[in-house]
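> Dropping the sequence and predicted coords here.
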Amino acid sequence: MDLQETAKRAQEDGNGVQIQDSNATGEPAVKKLKLADEASKETTAPRPRVKGVAPIKPEYLILAPGQAEADDNEDDDEAEGRTAPEAQDAGQAAKGDGKRNKRKKLKGQNKDREFGTFSDAKRLCNSVAWTPEFSPRPCKHGDRCNVLHDIRKYLAEGRRPDLSTFDGKCPVWEKYGRCPSGWRCLFVRSHMDEVKRDDGRSELVLLVDASKQPLTAESSKVDGGDCGADDEEEAETLDSKPGVVNSVPVNIKMDLSRKRITLDKSDKYLEWLAKDTELYTKHYHAKKKKSGDAAADAAANDADLHDYRANYIEPPLLPSEKRRLYFGPETPILAPLTTVGNLPFRRLCVELGAQLTYSEMALGLPLLQGQKADWTLMRAHESELTTPRFSPSSGASVVQGYDNSRDLRFGAQIAANVPWIAIRATEALSRFLPHLRLIDLNCGCPVDAVYKSGGGSGLLDAPSKLERMIRGMNTVSDGVPITAKIRVGVRDDRPIAHRLVERLGLGSEDMRDWLGAPGCAAVTLHGRTRQQRYTRAADWSYIAECAALVRRFRGETAPAVADTAREPDPRTLPSNGSKSTQDTSIGSGTHMYFIGNGDVFSHHDYFSHLSESGVDAVMVGRGALVKPWIFEEIEKGQYLDKSSSERLDYVARFARYGMEAWGSDELGLNYTRRFLLEFLSFFTRYVPVGLLEYLPPTLNDRPPAYRGRNELETLLASKNYKDWIKISEMFLGPAPPGFKFQPKHKSNSYEMEAEG
Ligand SMILES: Cc1cc2nc3c(=O)[nH]c(=O)nc-3n(C[C@H](O)[C@H](O)[C@H](O)COP(=O)(O)O)c2cc1C
Ligand SMILES: [Zn+2]
Ligand SMILES: [Zn+2]
């Protein structure tokens, strides 16, 4: 059966059983489902739940129970442990450990995945790409220009045939009455016309329908006078895409790359920091010597350091004066996700109820070098600028001074291995990006190249450096709050997060005395170590211990943190909500938020972690990739057994949003297809709740081979990347000749080999 036909049939089937329940904890929903199951259990004795295996009802299994295929949990490690191919191209990643890479490759990871050609057979010059046939703009390259200027020829020979998906109508034009892909759009025949002119000639023109929603792109299209239409320039035309914000003009990136931009605040701060570090190092070594001249020297040096720090010029905005944040039970957070947490995916999640979002991790150094790939990661969709949900009555006592109307959803995440990169990149981001909720420092990235250079999870073992980074970032970011995302630690036997939260919240004792707290506005803890693979569950009891510690130093429970130490200057604390002035516990007045993260796969997990661990808010990563409607489940407090046609509709939306963000021309379509396939590699892991014998489902349970309730449901459960390409073709048309997709998941690589 034709796939589109399958999709239609599924729609008619109406196979989506919604498990309705109004209780926010979701418990009754579980009971209800079990009750519904009772009937079948009367005849067949319930099978015990097997750890790591999704408990699919026997009637849907393809293999007999117990015959489950190999576990492919490590997929997630492979998926996370990779920088985006663009980033690799840009030469961002430092050299990794050769041996380890080799081993990984043997395990099926393919570093040089290719996706086939990204451009037309014959290219069209930018000078005519958006103009009526008879009014080309002057071509900068004149006679030397070796790409097409003849629109008819381009339409006939330059590109692949028009697409017939979306009924052959350009989804971008349908919405906005204009199509930024111009003549290159693969649906252009739905928005062009041939008009008879007075002189008898017919002119090809692009149609505009002003009655539709206007394009709200922030920056205007690149000047069409450029020629060459190479990837570089074509990619810049992405700037004009509808609804896309935080596009940084080419000239700024150019100026950055040529070091023509001075970052004054960073320069000043770094100069101060260099001297401070020097004095501090002396002070630290002198402290060990307790007698005679050495003691006198030490005292003199102490005085120097004290004077120096006393003369510290305060930044323009102290942490307490920055825009305040709010994280709470009503703000489920979408985790930063390299490659898969792209703009169209985040837009889908926001529609489904994600209240806060993060960019994919960008690397500090390439940002400072003006590299396009990293600045592109900072783009957001306008839906991410809407205010997050906030209900002051939710019992949160911590929102003094929080102005919801000034808040937005989108935060940036960066990685850096040394303070100067973190600090300068922060200044550049806060200066050139108009829409940032916060800047988050990645202290969790496990990728070898990042870790070994001292960035990402490498910062977990360098608390003093980490503290300097956060202090510096805070100094140069003006009103933008600074946050950090950490892991439990590097190694399983050495959890360190409990020390880090204290350090991030209050600062080291020594710095705190002179400079106050680092002013970190929030810490997110992913409950795993770097060493730990995704096969093992996140440690929520440790998250709870850290949450208790944070509550203690926030003064919400009896203080247990170094009572004798001096209170940091309250102005240096992110006073997201200040406590009573009578409270004298260390850190009272701070409200560093604390967010838990790991393995959340349903509203059930979400609410139980919130109530049991004592975190302020919960972040969801892979759960959202597997079922983006997890945010809707959280909102409604119930499982939603989405039908296959509803799920296919999410795929359709992703395809549309991809074309809006990246273009509906060959280049944009290829991006869209590639990122859609990455998304599908997670999305197809979903096992419909209606097929499960036990709830709640868990993220680490892998399904044995099973059959869905209809053909489409079975297709959407396929682990074969060739099926994913088929799904992409339902919306994006046939994959171009030579199109390749090598999934991150190694199990699929094996599969591919097996299939030859
Ligand atoms: C594919 C993938 C990409 C990720 N990329 C990032 C990233 O760029 N920055 C980051 O801080 N964490 C990243 N993470 C970690 C997640 O943000 C999150 O901490 C982790 O997946 C645990 O949450 P979960 O169990 O809900 O997925 C990534 C994880 C995955 C699976
Ligand atoms: Zn179009
Ligand atoms: Zn030209």
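Now that the structure is in, tell me what you want to look at. Ligands and ions are numbered 1, 2, ... in the order given.
> could you dump stretch 509-522 to CSV, C-alpha only?
C-alpha atoms of stretch 509-522 as CSV (Å, rounded to 0.1, in the frame of the first residue of the first chain):
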residue,chain,number,x,y,z
GLU,A,509,34.9,30.9,51.2
ASP,A,510,37.9,32.9,50.3
MET,A,511,36.3,34.6,47.2
ARG,A,512,33.0,35.0,49.0
ASP,A,513,34.6,37.1,51.7
TRP,A,514,35.9,39.7,49.3
LEU,A,515,33.8,39.4,46.2
GLY,A,516,30.5,38.0,47.3
ALA,A,517,28.8,35.0,45.7
PRO,A,518,29.4,34.0,42.0
GLY,A,519,25.8,34.8,41.3
CYS,A,520,24.9,31.7,39.4
ALA,A,521,21.1,32.0,38.8
ALA,A,522,20.4,28.3,38.4
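> Nearest spatial neighbour of the residue minimising distance to the centre of the chain, chain-adjacent residues omitted?
With distances taken as CA atoms, centre = their mean, the residue of the chain nearest its centroid is residue 336 (3.0 Å). Spatial nearest neighbour of residue 336, excluding adjacent residues (CB to CB, 6 or more residues apart in numbering): residue 358 at 3.7 Å. All C-beta spots, glycine's among them, are computed from the backbone N, C-alpha and C.
> Tell me how many other residues surround that neighbour.
26 (other CB atoms under 10 Å).
> And the residue of this structure closest to ligand 1?
Ligand 1 sits closest to residue 621 of the chain, with a gap of 2.7 Å, by CB to the nearest ligand atom.
> got the phi/psi numbers for the closest residue to that residue other than its chain neighbours?
Once flanking residues are discounted, residue 621 sits nearest to residue 335: 3.6 Å by CB to CB, 6+ apart. Torsion angles at residue 335 (phi, psi; degrees, to the nearest 10) stand at phi -70, psi 160.
> per-residue confidence for the residue of the chain closest to ligand 1?
pLDDT recorded at residue 621 is 97.
> can you check the one 3 residues further on too?
Confidence at residue 624, expressed as pLDDT, is 98.
> Output the strand or helix carrying it as CSV, restricted to C-alpha atoms.
When elements are defined using DSSP states H and E, residue 624 is found to belong to helix 622-626. Extracted C-alpha coordinates of helix 622-626, given in CSV (Å, rounded to 0.1, in the frame of the first residue of the first chain):
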residue,chain,number,x,y,z
ARG,A,622,15.4,12.1,25.3
GLY,A,623,11.8,11.8,26.6
ALA,A,624,10.9,14.7,24.4
LEU,A,625,12.6,13.3,21.4
VAL,A,626,10.8,10.0,21.8
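> Centre of the chain to stretch 358-372, how far?
13 Å (CA atoms, centre = their mean, to the nearest Å).
> If you could redo that for stretch 439-452, that was the one I meant.
On CA atoms, centre = their mean, the centre of stretch 439-452 falls 14 Å from the chain's centre.
> In stretch 693-707, which residues are buried?
693-706 (16 or more other CB atoms under 10 Å).
> Need the distance between the two termini of it.
15 Å (CA to CA, to the nearest Å).
> State the three-state secondary structure for residue 651.
Classification of residue 651 using DSSP: H, G, I helix; E, B strand; the rest coil returns helix.
> how close does it get to residue 541?
37 Å (CB to CB, to the nearest Å).
> who has more neighbours, these two?
Ranked by neighbour count (other CB under 10 Å), residue 651 and residue 541 place residue 651 first, with 21 against 9.
> show me what contacts that one?
The contact partners of residue 651, taken as CB atoms under 8 Å, 6 or more residues apart in numbering, are 676, 680, 683, 727, 730-731.
> which of the residues you listed count as buried?
The neighbour count (16+ other CB under 10 Å) marks 676, 680, 683, 727, 730-731 as buried among those.
> Rebuild the residues you listed as CSV, extending it with pLDDT and distance to ligand 2.
Below are the buried ones among the contacts of residue 651 laid out as CSV (pLDDT from 0 to 100; distance: CB to the ion, whole Å):
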residue, pLDDT, distance to ligand 2
676, 97, 18
680, 97, 24
683, 97, 26
727, 98, 22
730, 97, 19
731, 98, 14
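> Of those residues, which belong to helices?
676, 680, 683, 727, 730-731 (DSSP state H).
> Out of those, flag the one nearest to residue 610.
residue 683 (25.6 Å; CB to CB).
> show me what contacts the closest one?
625-628, 647, 650-651, 716.
> Please check the residues you listed and keep the buried ones.
625-628, 647, 650-651, 716.
> Also near ligand 3: which of the contacts of residue 651, exactly?
Cross-checking the contacts of residue 651 against ligand 3 (CB under 5 Å from the ion) gives no overlapping residues.
> average model confidence for the helix or strand containing residue 465?
Residue 465 belongs to helix 463-476 when assigned by DSSP H and E. For helix 463-476, mean pLDDT is 95.
> which parts of that helix are buried?
Residues 463, 465-476 are the ones in helix 463-476 that count as buried (16+ other CB under 10 Å).
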